[in-house]
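Novice: prediction below, plus the sequence it came from.
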Protein chains: 2
Amino acid sequence: MPLPALKHAQITIVGTGLMGASLALALRGSVGALFGVDSDPETCTFVEPFFDAVSGELGPLAARADAVILAVPVRSIVRLIERLGPALRPGALVFDLGSVKAPIIAAMDGLPPDIRALGGHPMCGSERSGPSAAVGALYQGVTFALCRSSRTDDDALTFARTLIEGIGAHPLLLDAAAHDRAVAAVSHLPYMVSALLVAAAAEIAGGDSAPWQLAASGFRDTSRLAGSDLTMMTDILVANREAVLAALDAYAGQAAQLRALLASGDEAGLRALLDMARTVRTRWAESRE
Amino acid sequence: MPLPALKHAQITIVGTGLMGASLALALRGSVGALFGVDSDPETCTFVEPFFDAVSGELGPLAARADAVILAVPVRSIVRLIERLGPALRPGALVFDLGSVKAPIIAAMDGLPPDIRALGGHPMCGSERSGPSAAVGALYQGVTFALCRSSRTDDDALTFARTLIEGIGAHPLLLDAAAHDRAVAAVSHLPYMVSALLVAAAAEIAGGDSAPWQLAASGFRDTSRLAGSDLTMMTDILVANREAVLAALDAYAGQAAQLRALLASGDEAGLRALLDMARTVRTRWAESRE
């Protein structure tokens, strides 16, 4: 059974926090119907105007969907997929926005054979969370990773690509394990680095207020991610544990090298390490312009 | 000999990069005369419109100054102070914008007894550098640390405070050693953390382009400082070596703790560490609003 065109599709978004509610705002008016599911009654009330129907109960709205998009924390996505199969129409697509793909793809592989499934991960977010932070432009210009499961066919890929391009993002198909290693380095590590910076600064400051008065824009930007949603981030780190530990180890190795160069007074070596980082960072930033 | 009021003072800024040129733009029109000194001829040409006179030679413009403001890297400031004394008018004020204060205050203590001196450090900057990045608003709303030397009198403090408030910044008087420990934690550590993040991501990415395509706003902000001026930052780390090593060690301790919590699956402990960082960061950010 083919999937309908996006503009006729009935789409159910499960989880209407920052990501799910922003997706609803971005899709409004360009799909057949938009349903929202959230376990929190207050959230349901808040997002009611974003959807054609909202419910705290997954079953009925999953049954009406051509595509179900899971926008909850990674391990909740895995648990949902494990019990979602029987609730779905034959041919329906299960899609998700989870930040770690291997466990989700593994769960998708266990769906009934007549269900389509494809992993997704939009590279956007905010240190703010919840539907009150939602904006339709959240997905504009961002890279949107796609990872195949054994339930992915051309129809599923075409549907997801149309949706992604429709909200202004750029699809990038890649292997789930490669995705998870990459985001450990460029997304999960930045979060940890940011939180650790705050923890170290707090340890050094003790009860002294001067460091906090002196902290300025450099500290602000480098520590921004430390304010991210705790439940989401803890879930991500645990779900991507192996790749995250490897990223932490690579980071600790670089830090030990910098410390040794500074302690031994090897200024040329210190400068070379910092120069490499500066060059890589500048090249990356320029490639984004 | 008292210092003149700011509006009548002749001020010589030594070093007309981002900080010095921005200070000139911020002071223009509200002082008696503004002179610029820079060892780079191209820079001198570029900043000519910012000053009443510009020269590559320090001596003549230092001799005309009521206040000389040193806006070069930290160790260059120390070297300049060591040879500046004889060039100055009796009663003149030596002031600086250096990011590490103890070595500068020690050098100031060696100035002739008839010279005033006071250490300064405005908590602003940019990952861009040079006079082409200069903006008069750079100092607006920022904390401007002040550290006494044995050559600091009330006249020097009053003059500096008037200048700082005139450019929209907030003076904060503190001890040089306390300053250096604090900025190691909230300024020098963020820079290193940012550079190390880029180095670790590059190590993990190897030749693969996917991580760089997936890197988004979180990576962008956390790695921003890695693009900072190399000469300035290397100089700062070396000049503040003891406090910087202590900050790196505090950071490594926090990182080892996070790694152990994640490796052992202690999710409650992991969440507690991240929660502490989130709380501290949120409280700090709110205190800034």
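Specialist: Arrived safely.

Novice: neighbours of the closest residue to residue A:112 other than its chain neighbours, how many?
Specialist: Sequence neighbours aside, residue A:85 is the residue nearest to residue A:112 in space, at 4.7 Å (criterion: Cβ to Cβ, 6 or more residues apart in numbering or on different chains). Quick note: C-beta positions are derived from backbone N, CA and C, even for glycine. By other Cβ atoms under 10 Å in any protein chain shown, 17 other residues sit near residue A:85.

Novice: pLDDT value on residue A:85, please?
Specialist: Residue A:85 carries a pLDDT value of 92.

Novice: how about the secondary structure of it?
Specialist: Of the three states, residue A:85 takes helix under DSSP: H, G, I helix; E, B strand; the rest coil.

Novice: please report the distance of it from residue A:79.
Specialist: For residue A:85, the distance to residue A:79 (Cβ to Cβ, to the nearest Å) stands at 13 Å.

Novice: excluding sequence neighbours, find me the nearest residue to residue A:251.
Specialist: Nearest-residue entry for residue A:251: residue B:200, 4.0 Å, with adjacent residues in sequence omitted and distances by Cβ to Cβ, 6+ apart.

Novice: hmm, I typed the wrong one, I wanted residue A:227.
Specialist: In space, residue A:227 is closest to residue A:127, 4.1 Å off (Cβ to Cβ, 6+ apart).

Novice: now the residue nearest the centre of chain A. Its backbone dihedrals?
Specialist: Centre of chain A computed as the mean C-alpha position; nearest residue by Cα atoms, centre = their mean is residue A:99, 3.8 Å away. Main-chain torsions, residue A:99, degrees, to the nearest 10: phi -80, psi -10.

Novice: what about the strands in the stretch 51-200 of chain A?
Specialist: Per DSSP state E, counting those that start in this stretch, the stretch 51-200 of chain A carries strands over the ranges A:53-55, A:67-70, A:93-96, A:116-122, A:143-148, A:170-173.

Novice: can I get those strands in CSV with distance to chain B?
Specialist: Below are the strands of the stretch 51-200 of chain A laid out as CSV (distance: least, Cβ to the nearest Cβ, whole Å):
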stretch, distance to chain B
strand A:53-55, 29
strand A:67-70, 20
strand A:93-96, 16
strand A:116-122, 8
strand A:143-148, 5
strand A:170-173, 6
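
Novice: adding mean pLDDT, mean neighbour count and distance to residue B:90, write the ones you listed out as TSV.
Specialist: As requested, those are arranged in TSV below (pLDDT from 0 to 100; neighbours: other Cβ atoms under 10 Å in any protein chain shown; distance: least, Cβ to Cβ, whole Å):
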stretch	mean pLDDT	mean neighbour count	distance to residue B:90
strand A:53-55	97	17	78
strand A:67-70	98	26	76
strand A:93-96	98	26	74
strand A:116-122	98	26	66
strand A:143-148	98	22	64
strand A:170-173	98	16	66
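
Novice: quick one: closest of those to residue A:30.
Specialist: strand A:67-70 (13.3 Å; Cβ to Cβ).

Novice: list of residues touching that closest one?
Specialist: Residues outside strand A:67-70 that contact it (Cβ atoms under 8 Å, 6 or more residues apart in numbering or on different chains): A:3, A:9-15, A:20, A:23, A:62, A:76-77, A:80-81, A:84, A:88, A:92-98, A:120, A:159, A:163.

Novice: again with stretch A:138-147
Specialist: Stretch A:138-147 is contacted from outside by A:18-19, A:22-23, A:26, A:101, A:105, A:118-126, A:157, A:160-161, A:164, A:167-176, A:179, A:183, B:213-214, B:216, using Cβ under 8 Å, 6+ apart.

Novice: can you flag the buried ones in these?
Specialist: Buried members of the contacts of stretch A:138-147, counted by 16 or more other Cβ atoms under 10 Å in any protein chain shown: A:18-19, A:22-23, A:26, A:101, A:105, A:118-126, A:157, A:160-161, A:164, A:167, A:169-172, A:174, A:176, A:179, A:183, B:213-214, B:216.

Novice: need the residues of the stretch 51-200 of chain A near chain B, please.
Specialist: Residues of the stretch 51-200 of chain A lying near chain B by Cβ under 8 Å from any Cβ of the partner chain: A:123-125, A:142-143, A:145, A:172, A:174, A:178-179, A:181-187, A:189-200.

Novice: filter those residues down to just the ones in helices.
Specialist: Residues of these located in helices (DSSP state H): A:178-179, A:181-183, A:189-200.

Novice: who are the packing partners of the top helix by length along chain A?
Specialist: Longest helix of chain A, by residue count under DSSP H: helix A:241-263. Helix A:241-263 sits against helix A:176-183, helix A:189-205, helix A:267-287, helix B:189-205, helix B:241-263, with contacts defined as 3 or more Cβ pairs under 8 Å, 6 or more residues apart in numbering or on different chains; DSSP states H and E.

Novice: can you pull the buried residues of the third one?
Specialist: Right, the one you point to is helix A:267-287. Buried-residue list, helix A:267-287, by 16+ other Cβ under 10 Å: A:270-271, A:273-274, A:276-278, A:280-281, A:284-285.

Novice: I'd like the distance from it to the chain centre, please.
Specialist: Offset of helix A:267-287 from its chain centre (Cα atoms, centre = their mean, to the nearest Å): 28 Å.

Novice: which helices and strands sit right next to it?
Specialist: Partner elements for helix A:267-287 (3+ Cβ pairs under 8 Å, 6+ apart): helix A:241-263, helix B:189-205, helix B:230-239.

Novice: cutoff 10 Å now
Specialist: helix A:241-263, helix B:189-205, helix B:210-214, helix B:217-222, helix B:230-239 (3 or more Cβ pairs under 10 Å, 6 or more residues apart in numbering or on different chains; DSSP states H and E).

Novice: and that helix, average pLDDT?
Specialist: The predicted model assigns helix A:267-287 a mean pLDDT of 97.

Novice: now swap in the second one and tell me
Specialist: Helix A:189-205 carries an average pLDDT of 98.

Novice: and the residue lying closest to residue A:265 once chain neighbours are set aside, what does it touch?
Specialist: Spatial nearest neighbour of residue A:265, chain neighbours left out: residue B:238 (7.6 Å); criterion: Cβ to Cβ, 6+ apart. Residue B:238 makes contacts with A:262, A:265, A:267, A:270-271, B:73-75, B:100, B:244, as judged by Cβ atoms under 10 Å, 6 or more residues apart in numbering or on different chains.

Novice: could you dump those to CSV with distance to residue B:131?
Specialist: Output for these, formatted as CSV (distance: Cβ to Cβ, whole Å):
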residue, distance to residue B:131
A:262, 29
A:265, 31
A:267, 26
A:270, 26
A:271, 23
B:73, 15
B:74, 19
B:75, 21
B:100, 23
B:244, 28
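
Novice: buried only: go through those for me.
Specialist: A:262, A:270-271, B:73-75, B:100, B:244.
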